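Colleague: sequence below, structure please.
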Amino acid sequence: MSPDNECIQKTLKLAELMLTLAEEGDAVRQDVGCGVLYGVLRDSAYRLKKLAEAEQAAHNKKGKWG
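Modeller: Residues are numbered from 1 along each chain as shown. All right, here's what the predicted structure looks like:
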């Protein structure tokens, strides 16, 4: 796999880790500030995931994925 595609894969994995952390943190948070923090983390993860998936699809369409 090319280095640029590896970075996209790593970004997708990072987004999944961010979502997991947001769930874990939200489950044990003790105040509203933490709720905001984990909400921003979750939102950021979804945005990253969407962008990375779009890039993956674009690379795939060009025949450059894999």
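
Colleague: in this protein, where's the longest helix?
Modeller: Scanning the chain for the longest helix, with DSSP state H as the assignment, gives helix 32-61.

Colleague: so which other helices or strands are in contact with that one?
Modeller: Counting contacts by 3 or more C-beta pairs under 8 Å, 6 or more residues apart in numbering; DSSP states H and E, helix 32-61 packs against helix 3-28. For glycine as for every other residue, the C-beta is placed from the backbone atoms N, C-alpha and C.

Colleague: quick one, the helix it packs on and helix 32-61 angle?
Modeller: 150 degrees (axes from the mean of the first three to the mean of the last three C-alpha atoms, to 10 degrees).

Colleague: report the buried residues of helix 3-28.
Modeller: Buried residues in helix 3-28, counted by 16 or more other C-beta atoms under 10 Å: N5, I8, T11, L12, A15, M18, L19, A22, G25.

Colleague: what's around A45, how many residues?
Modeller: 19 (other C-beta atoms under 10 Å).

Colleague: offset the numbering so it begins at 887, please.
Modeller: Done: numbering now begins at 887, and the last item shifts to A931.

Colleague: check contacts around the closest residue to it other than its chain neighbours.
Modeller: In space, A931 comes closest to M904 once its chain neighbours are excluded; the distance is 3.6 Å by C-beta to C-beta, 6 or more residues apart in numbering. Contact partners of M904, counting by C-beta atoms under 8 Å, 6 or more residues apart in numbering, are L927, R928, S930, A931, L934.

Colleague: what distance do you get for M904 to Y924?
Modeller: 10 Å (C-beta to C-beta, to the nearest Å).

Colleague: returning to what we had before: just send the contacts of M904 back as CSV, with pLDDT and distance to K950 too.
Modeller: As requested, the contacts of M904 are exported to CSV (pLDDT from 0 to 100; distance: C-beta to C-beta, whole Å):
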residue, pLDDT, distance to K950
L927, 98, 31
R928, 98, 31
S930, 98, 27
A931, 98, 25
L934, 98, 21
